[in-house]
Structures are given as C-alpha cells and as structure tokens.
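1. structure here, sequence nowhere to be found:
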C-alpha cells in the first residue's frame, strides 16, 4: 500500500484548495470510477450520459437537479442518482459543494468536445 492510500481524504480541505464553479476535481478512484468534488453555482447545461448513471451527493448548500419530467431538490447529506440517458441540468441558486461519482472518463457535459478536463487533487 502506498503512503497516500492509507490516509483519510478531507473533502472540505480539498474543496478549499481550488476556486471556480463547474470544475470537478477527482479526489479518489474506486473500481473504475472517479470520486470528485465540485463547487457549483448557477445552472449547468442540459445534458445526458448515454452509458452511465450520475451520482450527486450534496455536502454543503442546496441544489436542484432539473429533469424533463420534474425536479429533484437536494440539501446537505442527500443524494440522487440520475439514470443513464436521462437529460438533466444541475442548478444551485447559491454556491453548493457536491460529491460526484462517475465512471472514469465520463465527460461532465455528456460530450467529450465540451467537457471539463479531468483534474486530480
């Protein structure tokens, strides 16, 4: 086991280490998935993921996952899994901090051409 793998990951500390919204940072990997933290504010683009679900866990603040057939409101400690192929748009009226779990390589916009570059912290 390498030294980094036997230490707890402080999510608040990782979130404090960067600025900017809608720029997820990978803090760990798990069975081919990235575990990421992201700061969000405002509305993201409508998008879907053809081959994977999308997990959102709110750490701080409140968010709304807009779906074509209704919205899901989430507060701290609440999570929602967006099913594959479901068009969705995350929205935060005030800054919120979110933990995401997605298959490594999943473009956050659903399109590799417009996706944020993978960043590991």
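-> Alright, I've got the coordinates. Predicted model, so just to flag it, every value in this text is computed and none were measured.
2. elements contacting the longest strand along the chain?
-> In terms of residue count, the longest strand belonging to the chain (DSSP state E) is strand 88-103. Counting by 3 or more Cβ pairs under 8 Å, 6 or more residues apart in numbering; DSSP states H and E, the packing neighbours recorded for strand 88-103 are helix 11-16, strand 33-43, strand 54-60, strand 63-67. For the C-beta atoms, the positions are set from N, CA and C on the backbone; glycine is no exception.
3. at 6 Å what do you get?
-> Under the contact criterion of 3 or more Cβ pairs under 6 Å, 6 or more residues apart in numbering; DSSP states H and E, strand 88-103 touches strand 33-43, strand 54-60, strand 63-67.
4. so, low pLDDT: which residues of the protein?
-> 1-5, 107-119 (pLDDT under 70).
5. not counting its neighbours along the chain, what's nearest the most centrally placed residue in it?
-> In the chain, the residue lying closest to the centroid (Cα atoms, centre = their mean) is residue 100, at 3.3 Å. Take residue 100 and drop its neighbours on the chain: the residue closest to it by Cβ to Cβ, 6 or more residues apart in numbering is residue 36, 4.5 Å away.
6. near the one you found, how many other residues are there?
-> For residue 36, the count of nearby residues is 23 (other Cβ atoms under 10 Å).
7. contacting residues for it?
-> By Cβ atoms under 6 Å, 6 or more residues apart in numbering, the contact list for residue 36 reads 24, 25, 26, 100.
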